[in-house]
Each structure stands twice: as structure tokens, then as C-alpha cells.
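Participant: below is the structure, and that's it, no one-letter string:
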């Protein structure tokens, strides 16, 4: 075996090793990346030829965590790993977005990158190593790749930036971002933060890039030592004469269309399409069979160039807006009567209808991953039905894009839910129209729906998507606020920023061009803040603050703490007591041990049920007091007396001699039977046995002695 290893020493003394030549040698490229006891195997396989007619990069990236890596069994009936869960999809997307721009534009062979965690100890976070592993596998392969890249996580802890923090360290962070970059340029950013300033985010990016440069240099040395040449390929056939003809006959028309300030997406699309259809009319059907795809490809480049030149040369956007102008916004809160909260947010041709559902502890999401177990009390789901863009297509489940967009909105809003809020909260955003950032519309609509539901969020949150048109390595550029779908597709950057009036809560950025300077990023962040504050104004004009009360049909929840030793008494044998309270009152009750107490959550749809359940629980946990009189219920009759329940869950013996002042020969003579009620006085509690001494006769006058 020709095993090659490179070691990266981090600033805190930890090391990362990259090893190739030992495992998965039939893949085009494979590496094992290790930090501590966390080990990730990355492989890449790329087809030798492209499928005829393919004009894009068919790249698939899968990140998978094996439960055995941490000595655990998978959940579920089959006890084996299945399809990627949401967390794995999110990490796969992070790696995909960093790699995809770095394949040659004319490379169209199907390429699959797999990153698998085979070992972990729960100390170091494996997701931060996935990008490095994938890039290293591509670097040592013969697959054309214009990297290397790497990814690192940067967290701010007690005011200090930490690269690739441990799980324990991350819990204390007020900023958590993942950054991907090449040796020269930042490619991708995604993360969340607790209302940080724009300058703080820029500083974090600089810290990340310095660490990434070291990773990239190690990969370059690894490539040189492995010495594998990149493959020769030919996936495109071009016709330079046709390309020039398309440009000559279509460019001016495309430029005029781009400069026409047409705000209607579909009319604009029809206008651009008419240009190429008019050009195609000069060819026969036979000629179009061979040249049609090339014409479409060349015209796409013409359209892209026309739009970009229009922005750079004249400051004109496709819909006629200024560079920093936000499209018209209208909002409505409480549109739907059934949900616990709802809102519509419409910005231009992008619209989100969001709902909020409030639930109890039983509605928590169970998190059961290889390294992370727990519960989520705030959920956000994003749906993008085909009709939102006018497509005649059926819905086929949730795609990776929907998982990613929903996660970004979740990150934007989650820190605004107060600590200890008793409800489980679910936000659902359905995108009804789309032309521009629907994830940012989700943040805005979700914020309004939360306030409509009466959730006491700390501050309103809004989001805006920024774009970039640049040339000559950023020496000439224009930053665009609230980008259209076409501006995202034809531009150089998609930079989403969410936050409150006081700072950023989440961000996501994808770069498609070399040479993006920190000066451009600073301008984009400043312009994003301006747009965010404008949108926040529209939100608060619609609903200034959370509603004072929940909707009438929303569940009412109260949380009470009881002494830990009473948890069993409230639950009862086999759950008999708690189930009885729920059946009698209609409330839903859950109880768990928290610190040194039992935390009881009571939920009901009306105050009467809530108060009834609360009273019964208080009675159970109340401590009996000697000398107090209690109404009791006869539970059973014995020859020597009656067992009575004088407090919920507390029974004592009312001896035959303590029923009345006169002497009874048998219990039949007393007239007591099961189910009867009788007042008793607690005379004493045996401290050794815990038994209660009860009496009824002391509550009635003692007969005077005769004679």
C-alpha cells in the first residue's frame, strides 16, 4: 500500500490528519480524516462520460453518520440506518454548495461524493470536517476540480472566536457559523447568532478563512505527493460560428428586454423567450434537432450578459427597481380562523402563508441521531408546492431544498422564543408564490404568525436576500437588495441575512465568483441591514407586538413544580391517578423530574378543566396536617373499621371505635358502606409507619353520662 498522510495542527494544539491510499481504493478518490477519535471516510466516484444532452453538473453529495460510530443502535423496527435524516441532509447541502461552483463549467459527468462518519466520541463535532474530507477526496482523485476547499465552524465564546469548537464549547456560544473557502476566496457561509453586529460577522469570516488556508495548503501538498493526473474529457460540442450568430442577432434585443423594467415575472420570461424563438424561426426542424440545444445554451449566456451589463452600466434592474430598493410589501395577521396563529407576508411576487400551532410536551420532536439525543420544542417546516412558480407538477414529498430553507428560517426565529416558554411551537410556511427569496418571506410571515398566536417573542425578526453583479474580480460591482429569482440565477452571490432591529440572528451565503473582497461583503451587510429595518417597519405596522392573549381555541398550559417525592403519588400505580385526573377533567398532564423537583405541565382547552386538574394535583401533593378536618370517601369496609380516602391518594383507617361515641358490635351496625362520604379529623401521624389516625366521633358532641 502507498499510504500518504498529512497532519494539520490547529491553534489550540489539536490535530487533523488526512490519510489516503489505505481504504476504498477502487473509488476515484478516497481519504480518511481524523480529529481525536472522530473519523470520516470520504469517497468520490465520477462517471467516465456524460449522459448525452446533459448541460449541467450532476453532482450528488451524501453525508451519513453511523450509529455504531458512537456505540449506539439505530432506532426503528429494523434497527438499521435508513435514508438521510434532516441533519444529515443539511450537512450534505453545506458540502454540496461549497463544491459545486468549483467543477469546470463544461464537466457534465455524474459525480457522487459520500462522506461517512465511522467513529466519534461526542467531543469533536464531525460536521465541521465533512467539507475538508470531501475536498481532499476530490483533490487526490483524477476528477477535474478547481479546489481545494475546506469548511470550518467558528463560534464566539465569551467574546473570543473559536475554530471548530467541541460540543461542550458550542453550548456557550452566541455565534455559530460554518464557513467554506478556497485558498483565496470565501465560497459559502451559513449559521446563527444572537443579534450580533455586521462587523462581528465579518471578523468571524476572517478568522475562518485563516484556518481554511492551512487546510487547503495541506491538501495541495497531499495532491502533489499522490501525484494523480486529472482526467481528459470532452463533454460538450460547440459551434463557434453559431455562438457568434446568436450573440450578434439576439444581444441587443435581450438588452432592451432587460432594460424595459418589466415587473411581471411571467411577461418578462415570455419576452426573453420570444427573442430566442424568433431567432430559431430561421432554421428548419431538421437543423433545430441538432442545433436547438446549442442555441438555447448560447442564448442563456447572451441573456445573462445583457442583464448584468444593464445593471453595471446603467444601474437598471430587470423589474426597474433601484439597487437598494425593496419590492412592495403587504402583510395580514390572523387571516385563518382555525390555526392558533396565522399570517400572510407578500413581497413582490413572493408570498408565504404561515401558521402557528401551540402544543404540549407530548408534541415535542424527539431527536435521536448518532451523536445528539434530546427534544426540540420549536419546530419550523417549509413547503414549496410547484404551483408557487406556475408549474403543472404534483408534490412528491419534501426535498433537500425545503429542508434547508426551513432550517434557515428556524435558526432566524428560534432565539426569539423566551426561555422556559411552556408551549411546544410549530410554524409551517407554505409558499404560495415565488420569485425571490421564499426563505426570507418565511421568516417574516413566521414572525407575524407567532405574534398573532400570542407567543411573547422577544423582538420581531425580518430577513432579506442580497445579490451581486461583478466583473474584473470585483473591481466593478453592484450589490442588489431583495433579489429576484433571475438575479439569483444570473448573478454572483446569494446572501440572506435575518435579524432584529439590534442585530443579525442568521445568515446564509453562496458565492459563485472569484475575488469577493471584504469591502464588498461589508457593503452587502450594510445594505442588508437597511433593507431588514425597512421590512421590520412593514411587519410592525401590521402587528406592533404579540397579542396579549392566546386564541380562544388554543390550549392553556400551566406549569407547576411539586416536591420530587410526590411524583409517584401524582402518577399513581400504573398511571392510575394521573389517568383518572385526565379522564375526569379533560386536561392533558405530563410530569418529569427536573433538578430537585417534579415539573408538572397541565394543558386544557378551557379554564375550568385547567383549574380542576390543578386543584387535584395540589391536593395530592399537599401535606396532611394534624388537627385538620377533611371530607373523606369510604373506600373499603373491614370488620374492624373503614378505610377512607381523606385526600387524593391518601387513605387511613377510621377504626370502628372512632366512628361514634357509642360502641358498635360490627361494621354493619354503623350503616357505613363503600362510596359514602364522612368527615374525619386527623388526630395523629405515626412517624415510623406513616399511618394516619382518623376520627369522626370527635366532630360530634359527646353524650352526657346518665345518672
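Facilitator: Yes, it's here. None of these values were measured; they are calculated from a predicted model.

Participant: residues touching residue 520, list them.
Facilitator: By C-beta atoms under 8 Å, 6 or more residues apart in numbering, the residues touching residue 520 are 468, 470, 474, 477, 479. (Each C-beta comes from the backbone N, C-alpha and C, glycine too.)

Participant: ranges for the helices of the stretch 251-400 of the chain?
Facilitator: Along the stretch 251-400 of the chain, the segments classed as helices by DSSP state H, counting those that start in this stretch run 265-280, 285-314, 400-414.

Participant: as a markdown table, these with mean neighbour count, mean pLDDT and distance to residue 389 would be great.
Facilitator: Formatted as a markdown table, those follow (neighbours: other C-beta atoms under 10 Å; pLDDT from 0 to 100; distance: least, C-beta to C-beta, whole Å):
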| stretch | mean neighbour count | mean pLDDT | distance to residue 389 |
| --- | --- | --- | --- |
| helix 265-280 | 16 | 90 | 9 |
| helix 285-314 | 17 | 89 | 18 |
| helix 400-414 | 22 | 95 | 12 |
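
Participant: would JSON lines of the ones you listed with distance to residue 371 be doable?
Facilitator: Below are the helices of the stretch 251-400 of the chain laid out as JSON lines (distance: least, C-beta to C-beta, whole Å):
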{"stretch": "helix 265-280", "distance to residue 371": "43"}
{"stretch": "helix 285-314", "distance to residue 371": "43"}
{"stretch": "helix 400-414", "distance to residue 371": "18"}
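
Participant: what's the closest of those helices to residue 243?
Facilitator: Proximity of the helices of the stretch 251-400 of the chain to residue 243 was assessed by C-beta to C-beta; the nearest stretch is helix 285-314, lying at 4.8 Å.

Participant: the inter-axis angle of that closest one versus helix 265-280?
Facilitator: For the pair helix 285-314 and helix 265-280, the angle between their directions (axes from the mean of the first three to the mean of the last three C-alpha atoms, to 10 degrees) equals 130 degrees.

Participant: just give me how far helix 285-314 sits from the chain centre.
Facilitator: How far helix 285-314 lies from its chain's middle: 38 Å, per C-alpha atoms, centre = their mean, to the nearest Å.

Participant: before we move on, what about stretch 223-234?
Facilitator: Here stretch 223-234 is found 39 Å from its chain centre; the criterion is C-alpha atoms, centre = their mean.

Participant: buried ones in that stretch?
Facilitator: Buried residues in stretch 223-234, counting neighbours by 16 or more other C-beta atoms under 10 Å, are found at 223, 226, 233.

Participant: can you classify the first one by secondary structure?
Facilitator: Three states are possible here, and by DSSP: H, G, I helix; E, B strand; the rest coil the one that applies to residue 223 is helix.

Participant: compare the helices of the stretch 251-400 of the chain and give me the one nearest residue 1.
Facilitator: Short answer: helix 400-414, nearest of the helices of the stretch 251-400 of the chain by C-beta to C-beta, at 36.2 Å.

Participant: counting contacts, what elements does the closest one pack onto?
Facilitator: Here helix 400-414 is seen to pack against helix 86-99, strand 186-196, strand 378-383, strand 424-433, helix 438-452, strand 493-500, strand 503-511 when contacts are counted using 3 or more C-beta pairs under 8 Å, 6 or more residues apart in numbering; DSSP states H and E.

Participant: okay, now the sheet partners of the third one, with direction.
Facilitator: Strand 378-383 has the following strand partners under DSSP bridges: strand 424-433 (parallel).

Participant: now the angle between helix 400-414 and the strand it pairs with, please.
Facilitator: Between the direction of strand 424-433 and that of helix 400-414, the angle (the same axes, to 10 degrees) works out to 130 degrees.

Participant: quick one: strand 424-433 to chain centroid distance?
Facilitator: Its chain's average C-alpha position is 12 Å from that of strand 424-433, according to C-alpha atoms, centre = their mean.

Participant: residues near residue 67, how many?
Facilitator: A count of neighbours around residue 67, defined by other C-beta atoms under 10 Å, yields 18.

Participant: so who does it touch?
Facilitator: The neighbours of residue 67, taking C-beta under 8 Å, 6+ apart as the test, are 73, 74, 81, 370.

Participant: low-confidence ranges, the protein, go.
Facilitator: Low-confidence segments of the chain, defined by pLDDT under 70, are located at 474, 515, 706-707.

Participant: relative to residue 241, how far out is the residue minimising distance to the centre of the chain?
Facilitator: Nearest to the centroid of the C-alpha atoms of the chain, with distances taken as C-alpha atoms, centre = their mean, sits residue 407, at 2.9 Å. Taking C-beta to C-beta, to the nearest Å as the measure, residue 407 and residue 241 are separated by 48 Å.

Participant: with residue 313 instead?
Facilitator: Relative to residue 241, residue 313 is positioned 28 Å away (C-beta to C-beta).

Participant: likewise residue 624?
Facilitator: Noted for residue 624: a distance of 100 Å to residue 241, by C-beta to C-beta.

Participant: next up, phi/psi of residue 625, please.
Facilitator: Residue 625 has phi and psi values of phi -110, psi 130 when expressed as degrees, to the nearest 10.

Participant: how many neighbours does it have?
Facilitator: Each residue near residue 625 was counted by other C-beta under 10 Å, and the total is 9.

Participant: same check on residue 177?
Facilitator: When neighbours are defined as other C-beta under 10 Å, residue 177 has 25 of them.
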